[in-house]
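Provide a 3D model corresponding to the input given below.
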Amino acid sequence: MKVRSEYRDRSDVEVAVLDALADRQDEGMTVFELRSRVEADIDDLEDALAALKDDGLIDAKENGERTVILVDDRVIPDEPPTGQDRSIFEVVRDWLGF
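All right, here's what the predicted structure looks like:
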């Protein structure tokens, strides 16, 4: 799942983290799971997580014996329109990843 377009103007690592977390918005992901999904070294991943946390876009929560990171609900797009309800602009924008 892609995050809302207004959150895609961040660094590549931050957007990759948000996209990965959006795919698992209900259960969240551990740092190890994120590291396996986001192609970045640990320092870049740590910087991205700190920036996203500072901006209130992610939060960490204890889930049993592990800590998971969850994406804020405002980052998740509403269900995209289907079929003929979508304009050509929306189709091209989504295809380009904006």
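
list the contacts for the residue nearest to Val31 when sequence neighbours are not counted?
Distances taken as Cβ to Cβ, 6 or more residues apart in numbering place Ile69 nearest to Val31, at 7.1 Å, with adjacent residues excluded. Bear in mind the C-beta positions are built from the backbone N, C-alpha and C, glycine included. Contact analysis of Ile69 by Cβ atoms under 8 Å, 6 or more residues apart in numbering lists 21, 28-31, 34, 49, 58-61.

same thing but 6 Å
28-29, 58, 60 (Cβ atoms under 6 Å, 6 or more residues apart in numbering).

Which single one of those residues is nearest to Val92?
Taking Cβ to Cβ as the measure, Val92 lies nearest Ile58 of the contacts of Ile69, at 29.2 Å.

and Arg37, how many neighbours?
14 (other Cβ atoms under 10 Å).

where does Asp41 land on pLDDT?
On pLDDT, Asp41 comes in at 92.

what residue is smack in the middle of this protein?
The C-alpha lying nearest the average C-alpha coordinate of the chain belongs to Leu18 (Cα atoms, centre = their mean; 1.5 Å).

In three-state terms, label that one for me.
helix (DSSP: H, G, I helix; E, B strand; the rest coil).

Which members of the contacts of Ile69 are classed as buried?
28-29, 58 (16 or more other Cβ atoms under 10 Å).
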